[in-house]
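Peer 1: Need the 3D shape of this:
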Amino acid sequence: MRLPADFAALEGLESAAYQWIATADEDFVAEALSELVSIDRGGQTRHLAAGVILIDGTRSFAEIAEEWAAAPPIFVRHICPVQAAVRLPAVADLALLETTVATEIAPYLAAGAPFSVQTRVFGAPEIKPFDINQRLSVRIGEMTGLVLDVRAPEQV
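Peer 2: The predicted structure follows:
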(Lines give C-alpha, C1' and ligand atoms only; values in the text may rest on other atoms or scores of the structure.)
Protein backbone atom coordinates (compact mmCIF):
# COMPACT_ATOMS: atom_id res chain seq x y z
CA MET A 1 0.00 0.00 0.00
CA ARG A 2 1.63 3.26 -1.14
CA LEU A 3 0.81 6.33 0.89
CA PRO A 4 2.11 9.89 0.92
CA ALA A 5 5.31 10.19 2.96
CA ASP A 6 3.57 12.67 5.26
CA PHE A 7 -0.18 12.51 5.33
CA ALA A 8 -0.48 16.20 4.42
CA ALA A 9 -2.11 15.38 1.09
CA LEU A 10 -4.97 13.75 2.98
CA GLU A 11 -5.68 16.66 5.36
CA GLY A 12 -8.11 18.38 3.00
CA LEU A 13 -10.07 15.17 2.64
CA GLU A 14 -10.52 14.68 6.37
CA SER A 15 -14.09 15.93 6.63
CA ALA A 16 -15.32 14.28 3.44
CA ALA A 17 -13.47 10.97 3.47
CA TYR A 18 -15.49 8.80 5.78
CA GLN A 19 -16.50 6.87 2.71
CA TRP A 20 -13.76 4.83 1.10
CA ILE A 21 -13.26 1.89 -1.21
CA ALA A 22 -11.25 -1.25 -0.54
CA THR A 23 -10.29 -3.93 -3.03
CA ALA A 24 -9.47 -7.56 -2.40
CA ASP A 25 -8.95 -10.75 -4.35
CA GLU A 26 -12.38 -12.28 -5.01
CA ASP A 27 -11.32 -15.50 -3.28
CA PHE A 28 -10.47 -13.65 -0.06
CA VAL A 29 -13.30 -11.14 0.29
CA ALA A 30 -14.51 -12.71 3.57
CA GLU A 31 -11.03 -12.29 5.08
CA ALA A 32 -10.79 -8.73 3.77
CA LEU A 33 -14.19 -7.93 5.31
CA SER A 34 -12.86 -9.18 8.62
CA GLU A 35 -9.92 -6.76 8.33
CA LEU A 36 -12.29 -3.92 7.43
CA VAL A 37 -14.49 -4.60 10.45
CA SER A 38 -11.48 -4.77 12.76
CA ILE A 39 -10.15 -1.38 11.58
CA ASP A 40 -13.55 0.38 11.74
CA ARG A 41 -16.01 -1.53 13.90
CA GLY A 42 -18.84 0.94 13.30
CA GLY A 43 -18.38 1.07 9.54
CA GLN A 44 -20.95 -0.34 7.12
CA THR A 45 -19.80 -2.27 4.05
CA ARG A 46 -21.46 -2.78 0.68
CA HIS A 47 -20.19 -4.82 -2.26
CA LEU A 48 -19.99 -2.72 -5.42
CA ALA A 49 -18.49 -5.38 -7.67
CA ALA A 50 -16.40 -8.53 -7.38
CA GLY A 51 -13.60 -7.70 -4.96
CA VAL A 52 -14.67 -4.02 -4.61
CA ILE A 53 -16.17 -2.92 -1.29
CA LEU A 54 -17.57 0.48 -0.30
CA ILE A 55 -17.13 1.41 3.36
CA ASP A 56 -19.29 4.02 5.05
CA GLY A 57 -16.93 4.49 7.96
CA THR A 58 -16.94 6.01 11.40
CA ARG A 59 -13.22 6.74 11.09
CA SER A 60 -11.66 8.92 8.42
CA PHE A 61 -9.70 7.58 5.50
CA ALA A 62 -6.62 9.42 6.81
CA GLU A 63 -6.87 7.58 10.15
CA ILE A 64 -7.26 4.21 8.43
CA ALA A 65 -4.41 4.88 5.98
CA GLU A 66 -2.06 5.95 8.74
CA GLU A 67 -2.86 2.94 10.91
CA TRP A 68 -2.50 0.50 8.01
CA ALA A 69 0.76 2.14 6.90
CA ALA A 70 2.21 1.08 10.25
CA ALA A 71 0.63 -2.40 10.22
CA PRO A 72 -0.67 -3.27 6.72
CA PRO A 73 -3.62 -5.59 6.20
CA ILE A 74 -3.05 -8.96 4.57
CA PHE A 75 -6.18 -9.41 2.45
CA VAL A 76 -7.18 -5.83 1.61
CA ARG A 77 -5.15 -4.91 -1.48
CA HIS A 78 -5.87 -1.21 -1.96
CA ILE A 79 -7.82 1.54 -0.26
CA CYS A 80 -8.83 4.93 -1.57
CA PRO A 81 -11.07 7.71 -0.31
CA VAL A 82 -14.29 8.44 -2.13
CA GLN A 83 -13.75 12.00 -3.25
CA ALA A 84 -16.71 12.14 -5.57
CA ALA A 85 -19.49 9.88 -6.77
CA VAL A 86 -21.40 10.83 -9.86
CA ARG A 87 -24.55 9.14 -11.06
CA LEU A 88 -24.56 9.50 -14.81
CA PRO A 89 -27.78 9.87 -16.74
CA ALA A 90 -28.70 7.21 -19.30
CA VAL A 91 -26.55 9.04 -21.84
CA ALA A 92 -23.18 9.59 -20.20
CA ASP A 93 -22.48 13.26 -19.57
CA LEU A 94 -18.71 13.63 -19.59
CA ALA A 95 -19.03 17.39 -19.08
CA LEU A 96 -20.61 16.62 -15.68
CA LEU A 97 -17.61 14.44 -14.84
CA GLU A 98 -15.18 17.16 -15.94
CA THR A 99 -16.92 19.69 -13.67
CA THR A 100 -16.74 17.25 -10.76
CA VAL A 101 -13.03 16.67 -11.36
CA ALA A 102 -12.37 20.42 -11.57
CA THR A 103 -14.16 21.21 -8.30
CA GLU A 104 -13.76 18.10 -6.14
CA ILE A 105 -10.58 16.31 -7.21
CA ALA A 106 -8.07 18.59 -8.97
CA PRO A 107 -7.65 20.91 -5.95
CA TYR A 108 -6.20 17.98 -3.96
CA LEU A 109 -3.57 16.95 -6.51
CA ALA A 110 0.01 17.60 -5.44
CA ALA A 111 1.99 19.94 -7.67
CA GLY A 112 4.73 18.25 -9.68
CA ALA A 113 3.66 14.67 -8.91
CA PRO A 114 2.66 12.50 -11.89
CA PHE A 115 -0.91 11.23 -11.84
CA SER A 116 -3.18 8.60 -13.29
CA VAL A 117 -6.95 8.30 -13.47
CA GLN A 118 -8.86 5.19 -12.38
CA THR A 119 -12.59 4.92 -12.86
CA ARG A 120 -15.10 2.43 -11.54
CA VAL A 121 -18.28 2.14 -13.59
CA PHE A 122 -21.16 -0.04 -12.40
CA GLY A 123 -24.19 -1.30 -14.24
CA ALA A 124 -24.21 -1.50 -18.02
CA PRO A 125 -23.08 1.95 -19.10
CA GLU A 126 -22.69 2.96 -22.71
CA ILE A 127 -19.28 4.47 -21.94
CA LYS A 128 -16.28 2.48 -20.76
CA PRO A 129 -13.80 3.41 -18.02
CA PHE A 130 -10.99 3.78 -20.59
CA ASP A 131 -12.95 6.50 -22.42
CA ILE A 132 -13.65 8.33 -19.17
CA ASN A 133 -10.03 8.01 -17.99
CA GLN A 134 -8.69 9.32 -21.28
CA ARG A 135 -10.93 12.40 -21.32
CA LEU A 136 -10.42 13.21 -17.64
CA SER A 137 -6.65 12.76 -17.78
CA VAL A 138 -6.44 15.27 -20.63
CA ARG A 139 -8.61 17.72 -18.66
CA ILE A 140 -6.58 17.28 -15.46
CA GLY A 141 -3.35 17.85 -17.40
CA GLU A 142 -4.78 21.05 -18.89
CA MET A 143 -6.03 22.33 -15.52
CA THR A 144 -2.97 21.49 -13.43
CA GLY A 145 -0.02 21.11 -15.77
CA LEU A 146 0.64 17.69 -14.21
CA VAL A 147 2.07 14.82 -16.23
CA LEU A 148 0.04 11.67 -16.83
CA ASP A 149 1.99 8.51 -15.91
CA VAL A 150 -0.20 5.41 -15.90
CA ARG A 151 2.72 3.06 -15.14
CA ALA A 152 4.18 4.85 -12.12
CA PRO A 153 1.77 7.50 -10.83
CA GLU A 154 2.38 9.15 -7.48
CA GLN A 155 -1.28 10.03 -7.18
CA VAL A 156 -4.39 8.35 -8.56
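Peer 1: buried ones in the lowest-mean-pLDDT helix or strand in the chain?
Peer 2: Ranking every helix and strand in the chain by mean pLDDT, DSSP states H and E puts helix 94-100 at the bottom, with a mean of 84. Going by neighbour count (16 or more other CB atoms under 10 Å), the buried part of helix 94-100 is 97, 98, 100. (Each C-beta comes from the backbone N, C-alpha and C, glycine too.)
Peer 1: so which of those residues comes closest to residue 133?
Peer 2: Proximity of these to residue 133 (CB to CB) peaks at residue 97, which lies at 10.4 Å.
Peer 1: quick one: that closest one from residue 141, how far?
Peer 2: Relative to residue 141, residue 97 is positioned 15 Å away (CB to CB, to the nearest Å).
Peer 1: picking that back up, if you count contacts, what does the least confident helix or strand of the chain end up packed against?
Peer 2: Identification of packing neighbours for helix 94-100 by 3 or more CB pairs under 8 Å, 6 or more residues apart in numbering; DSSP states H and E yields helix 129-144.
Peer 1: How far off centre is the helix it packs on?
Peer 2: 16 Å (CA atoms, centre = their mean, to the nearest Å).
Peer 1: now stretch 126-138
Peer 2: On the basis of CA atoms, centre = their mean, stretch 126-138 sits 16 Å off its chain's mean C-alpha point.
Peer 1: Contacts for it next, please.
Peer 2: The contact list for stretch 126-138 (CB atoms under 8 Å, 6 or more residues apart in numbering) reads 88, 90-92, 94, 97-98, 101, 115-121, 148.
Peer 1: Report the buried residues of that stretch.
Peer 2: Result for stretch 126-138 [16+ other CB under 10 Å]: buried residues 127, 132, 133, 135, 136, 137.
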